[in-house]
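Undergrad: Quick one, structure for this:
(3 chains)
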Amino acid sequence: MGIEISRLRRRFGTFLALDDVSLSIGDGEFVAVLGPSGSGKSSLLRILAGLDQPDAGSVLRDGRDLLALDARRRGVGLVFQHYALFPHMTVAQNVAFGLRVRPWRVRPKAQAIKATVEDLLRRVELEGFVDRYPSQLSGGQRQRVALARALAIEPRLLLLDEPFGALDAQVRVNLRGWLREFHRSLGITTLFVTHDQDEALEMADRVVVMNRGRIEQIGAPEQVYRQPATPFVSRFIARGQRLPGEVRGQHLHLFGHAWRIENFAAADAHEVAVHVRPEDIVPAPVPGDGLTAQLLNLRHVAGSVRASLRVESWDEPLEAEWSERDWARCASAADDRLHVHLQAVTVFAMDRDGRVRLRSIVYPPYANSSIAVGPWRRIEA
Amino acid sequence: MTAMARSVLPGFRLSTGYTLLVLGSCVLLPLAALLWTACELGPEGWWAQIGTRRVLASLRLSFGAALLAATIDAVLGLLVAWVLVRYRFALRRQFDALVDLPFALPTAVAGISLTALYAPNGWLGSRLLPLGIEVAYTRVGVLLAMVFVGLPFVVRTLQPVLESMESDLEEAAYTLGATSFQRFFRVLLPLLLPTLLTGYALALARAIGEYGSVIFIAGNRLFRTEIAPYLIVQKIDSQYDYRGAAALGAVMLASSLLLLVAMAWLQRWTRRWAVVR
Amino acid sequence: MAAVAAVVSIGQPARTTHVARVVLVLGALVVLGWLMVLPLLAIFAEALQHGLAFYLHAIREPDTLGAVRLTLTVAAIAVPLNMVFGLAAAWSMAYFEFRGKAWLGALIDLPFSISPVVCGMMLILVYGKNGWLGSWLEAHGLQVIFALPGLVLATVLVTLPYVARELIPLMQAQGSDQEEAALTLGASGWQIFFRVTLPRVRWALLQGVLLCNARAMGEFGAVYVVSGHLRGITNTLPLQVDQLSQENFSAAFAVASLLALLTVFTLAIKRLVKWRHGGEWNAND
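TA: Residues are numbered from 1 along each chain as shown, chains lettered A, B, ... in the order given. Okay, here's the model as predicted:
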């Protein structure tokens, strides 16, 4: 049950906003759609809300065709990025709008509307603001009015478009936790769109990563972070950085080492990408062990240390992120030379169309200076 | 006027001084002369000029027709502005350019053109006559000419506001279940109302004062289709009665300004929600 | 009307049904066609009613040619005056804060809400024979009313706000950042004006000047009052149209068509400028 989105396609002129997008959302789930601007996430949201129609594909809710329903009758609550509060109505009038525009047969009595509005405003912690106009509210308050307004129509699906996009950094962080709790107490199926990785990973049950109109990966926050399915997800979510590795025959070559790869079919690998995350480049516990690195610069940021390194003789500097403790351990190496270990390296093998066919995560053990290559996993594109 | 210029840019005295000089000699001085001449009459002399049946009839026609014309302009102007902004169709740009016609067409030319169209032997007049509709040389003609001159004010004030209006609000209303009528009357119209009132006030002011476009089609029949500006011209032209003209002019000016102030107040009231914290 | 078949709504689908859209567009086109297109067509139709020869004869009449000359003269003086006024007023209103600024703005707009006829009459009360300054002017051999200076003055007064109204919102919206930048780079006031401000507002200025010119050449009510409409002496083109209309309707339309051509020309240029350079000013029409 829940919502079944299959094979959605939407084209604007030559721009393919949605390219064969399929996704199923369970009842009561809290799903984040994450992607850079232009990735198609807003198009998906607008189609679900009924503000746009796909060129192809279907959306079913509990087995019924949702696309056949007019936006007015869909029962989908949409919170706009810039809230879209009606400036000429008070907070109470804004929240009551969706109830007051119902046909008179199904319109609640004035008293019932008033009670609903009061209840909603209490829930979003804005009891004292009924008679204010939106221009008299702060950004965070407007956001919550927009949420209350969308909830007033008792939607079966709640859509949030960049819910924190227009807020200050401080307010944004506070509201995240609040919204997470709020969702838990309501249990409404919720889909929210964001371009902020932290936001998506921190709040959602599941994250849908989109790029150029396609879904790159769907998974739990931990999963998309630890096991990115594509180089894009690795870069976008985990700040994965490309390494000069290549696969020749049955071996992966990286910084002068060659490691055998199991189950590797050359036909699957038109192109290979090797990625490493900043926190997986760590100072070697034993001096002289691992790869040589030159320290280009170092910044102390809120409890962690960020460093730019030139590893071995590779031209492109790599970013590393360590805890202060890790850094203290190798700070004894007085000059700007040190040794580092790559703790985990992700290898993607792409076919001719650029689709990832194989992915392997490598955990190199350095103590006896031999690297074991993990099992290849086949990625379902 | 104290120079409290906080800007670092030069030229405050020169630009403001020149502006005031021109305004003083072209606007303020003549305005003072008008009010002075009207005041010299005293209340009784003033009423002797204004209180005649002919003058009262002309004032009633001028203001009545102008109010009605501005109202018609508000409705038609909203329709035209809406269509020009929201829809794409062939010749849209050309039609858009045509809206400015009453701004740029000399009023006398518009006047004789409307008269030629609606005269009993005119292209439209001859077709309307069998239906019992007389336009030329009636109050309907006065109204028509006023609608003509006022329309671009409403359209041109509304257009930029409609263009800059985010579609968010309509979409929000849509997802909340509002029908297209509810979206228009509950969301769009209240938001457009202040702008619509601005356009209305401009069209009204223009219609009240309009001379050239109206007098030809009005026919200037005693007590029936004489507008107030026509009477002013009559007093100056044929009677050399500058005092009478000034009295009538002052009444027209004061009433239009009063109407404009009332409109400004009404407009502020319709924007009461736009208070800044 | 084929135009309507291809009506496309911009923005979202299902906002209005196709039928409603077509009805709305048709309604607007009927309004514009009825109020704008018909009168414009009627002018040329009436003017050419008796053939081209009659038309050419009517506009070559000496009094008409005299009216053309006078109209051009009046516009040639009044329009530059208003251009300078508009620039000065906009510079003052856009770049400075001072007490009474709101009143100054209202005063600039005032001629919009005064009847042209009243404008003309006010000028007579000041500059006429029995007016405040009339006798002094007469003693110095300067006749204003019923002469060229009066025509110019009336035209200036009626068209006063046109250029200023075009420039003020634009310059206020653009702000003075660039002018201040020029100042810190060492430019003088006039250099800032000619090299920074003027190029920024040139298209809006052109637009304002075009409308001002159209209005100046076509002004009727105010000019009617101050001119005394002496044929061949103080008759501008619109006054000539008025006088001819009482004698010979077709000749009146022949002269009117000259003014209508000026209007069409003005609107076409205005449209072209807006189309080419529309992005440069969003603050106003």
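
Undergrad: Pick out the residue of the stretch 1-150 of chain B closest to chain C.
TA: residue B:106 (2.6 Å; C-beta to the nearest C-beta). Bear in mind the C-beta positions are built from the backbone N, C-alpha and C, glycine included.

Undergrad: for that residue, what are its contacts?
TA: Applying C-beta atoms under 8 Å, 6 or more residues apart in numbering or on different chains, we find residue B:106 in contact with B:212, C:214, C:217, C:218, C:219, C:220, C:237, C:238, C:241, C:256, C:259, C:263.

Undergrad: what's the spacing between residue C:24 and chain B?
TA: From residue C:24 across to chain B, the span is 6 Å (C-beta to the nearest C-beta, to the nearest Å).

Undergrad: Residue C:214 too?
TA: Taken as C-beta to the nearest C-beta, the span from residue C:214 to chain B is 4 Å.

Undergrad: pLDDT value on that residue, please?
TA: Looking at residue C:214, its pLDDT is 91.

Undergrad: which helices and strands sit right next to the longest helix belonging to chain B?
TA: The single longest helix within chain B, with elements called by DSSP state H, is helix B:53-86. For helix B:53-86, the packing partners by 3 or more C-beta pairs under 8 Å, 6 or more residues apart in numbering or on different chains; DSSP states H and E come out as helix B:42-50, helix B:92-98, helix B:139-164, helix B:189-209, helix B:228-237, helix B:242-270, helix C:18-32.

Undergrad: can you put those helices in JSON lines and add distance to chain A, mean neighbour count and mean pLDDT?
TA: Putting these into JSON lines (distance: least, C-beta to the nearest C-beta, whole Å; neighbours: other C-beta atoms under 10 Å in any protein chain shown; pLDDT from 0 to 100) gives the following:
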{"stretch": "helix B:42-50", "distance to chain A": "42", "mean neighbour count": "14", "mean pLDDT": "85"}
{"stretch": "helix B:92-98", "distance to chain A": "20", "mean neighbour count": "18", "mean pLDDT": "89"}
{"stretch": "helix B:139-164", "distance to chain A": "13", "mean neighbour count": "23", "mean pLDDT": "93"}
{"stretch": "helix B:189-209", "distance to chain A": "5", "mean neighbour count": "22", "mean pLDDT": "92"}
{"stretch": "helix B:228-237", "distance to chain A": "37", "mean neighbour count": "22", "mean pLDDT": "89"}
{"stretch": "helix B:242-270", "distance to chain A": "8", "mean neighbour count": "19", "mean pLDDT": "86"}
{"stretch": "helix C:18-32", "distance to chain A": "14", "mean neighbour count": "17", "mean pLDDT": "90"}
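
Undergrad: What is the neighbour count of residue B:61?
TA: Close neighbours of residue B:61, defined as other C-beta atoms under 10 Å in any protein chain shown, add up to 22.

Undergrad: just the one 4 residues further on next, same as before
TA: Around residue B:65 sit 26 other residues, with neighbours defined as other C-beta under 10 Å.

Undergrad: My guess is it contacts residue B:207. True?
TA: Yes: between residue B:65 and residue B:207 there is a contact at 7.2 Å, judged by C-beta atoms under 8 Å.

Undergrad: Now do the shared contacts for these two.
TA: residue B:146.

Undergrad: got the contact list for residue C:124?
TA: B:236, B:242, C:131, C:145, C:225, C:226.

Undergrad: top helix in the chain by residue count?
TA: No chain specified, so I'll use chain A. helix A:169-186.

Undergrad: nope, chain C
TA: If you go by DSSP H, chain C has its longest helix at helix C:62-95.

Undergrad: which is the next helix or strand following it?
TA: Downstream of helix C:62-95, the first helix or strand assigned by DSSP states H and E is helix C:101-113.

Undergrad: tell me what that next one is packed against?
TA: helix B:12-23, helix B:189-209, helix B:242-270, helix C:62-95, helix C:148-159, helix C:161-174.

Undergrad: okay if I get those helices as a markdown table plus distance to residue C:191?
TA: Formatted as a markdown table, these follow (distance: least, C-beta to C-beta, whole Å):
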| stretch | distance to residue C:191 |
| --- | --- |
| helix B:12-23 | 15 |
| helix B:189-209 | 37 |
| helix B:242-270 | 39 |
| helix C:62-95 | 14 |
| helix C:148-159 | 29 |
| helix C:161-174 | 17 |
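
Undergrad: For residue A:125, find the nearest of those.
TA: Between residue A:125 and the helices and strands packed on helix C:101-113, the shortest gap by C-beta to C-beta is with helix B:189-209, which sits at 28.1 Å.

Undergrad: Tell me, how many residues neighbour the spatially closest residue to residue A:139 that is not a sequence neighbour?
TA: Among residues not flanking residue A:139 along the chain, residue A:167 sits closest, at 5.0 Å (C-beta to C-beta, 6 or more residues apart in numbering or on different chains). By other C-beta under 10 Å, 18 other residues sit near residue A:167.

Undergrad: what residues are up against residue A:167?
TA: A:139, A:140, A:143, A:175.

Undergrad: Swap in 10 Å and give it another go.
TA: Residues in contact with residue A:167 (C-beta atoms under 10 Å, 6 or more residues apart in numbering or on different chains) are A:138, A:139, A:140, A:142, A:143, A:173, A:174, A:175.

Undergrad: what about it, which SS state?
TA: coil (DSSP: H, G, I helix; E, B strand; the rest coil).

Undergrad: before we move on, the earlier item: now do the same for the longest helix of chain A: mean pLDDT, whole number.
TA: On average, helix A:169-186 scores 86.

Undergrad: For the contacts of residue A:167, which single residue is the most surrounded?
TA: Within those, most neighbours by other C-beta under 10 Å means residue A:143, with 27 neighbours.

Undergrad: Would you indicate which residues of the helix or strand containing residue C:225 are buried?
TA: According to DSSP H and E, residue C:225 maps onto helix C:221-227. By neighbour count on 16 or more other C-beta atoms under 10 Å in any protein chain shown, the buried set for helix C:221-227 is C:221, C:222, C:223, C:224, C:225, C:226, C:227.

Undergrad: and what of stretch A:274-289?
TA: By 16+ other C-beta under 10 Å, the buried positions in stretch A:274-289 come out as A:274, A:275, A:276, A:277, A:278, A:279, A:280, A:281, A:282, A:283, A:284.

Undergrad: roughly how far out does that stretch sit from the chain middle?
TA: 26 Å (C-alpha atoms, centre = their mean, to the nearest Å).

Undergrad: Quote the end-to-end distance of it.
TA: 22 Å (C-alpha to C-alpha, to the nearest Å).

Undergrad: quick one, helices of chain A?
TA: Under DSSP H, chain A gives helices at A:41-49, A:91-100, A:110-123, A:139-152, A:169-186, A:197-203, A:221-226, A:231-238, A:324-330.

Undergrad: Residue A:156 is in contact with residue A:27, isn't it?
TA: Yes: contact criterion C-beta atoms under 10 Å: residue A:156 and residue A:27 qualify, at 9.0 Å.

Undergrad: ok, residue C:64 - contacts?
TA: Neighbours of residue C:64 in contact, by C-beta under 10 Å, 6+ apart: C:58, C:232, C:235, C:237, C:240, C:241, C:244, C:251, C:254, C:255, C:258.

Undergrad: any idea which of those residues is closest to residue B:118?
TA: Closest to residue B:118, out of all of the contacts of residue C:64 and judged by C-beta to C-beta, is residue C:241, at 17.6 Å.

Undergrad: Which SSE is immediately downstream of the one helix or strand that closest one maps to?
TA: Counting by DSSP H and E, the element that carries residue C:241 is helix C:237-245. As assigned by DSSP H and E, the chain's next helix or strand after helix C:237-245 is helix C:249-277.

Undergrad: between that next one and helix C:62-95, how many degrees?
TA: 30 degrees (axes from the mean of the first three to the mean of the last three C-alpha atoms, to 10 degrees).

Undergrad: count of residues packed around residue A:18?
TA: 27.

Undergrad: Please name whichever of the helices and strands packed on helix C:101-113 is nearest to residue A:149.
TA: Among those, the nearest to residue A:149 by C-beta to C-beta is helix B:189-209 (16.6 Å).
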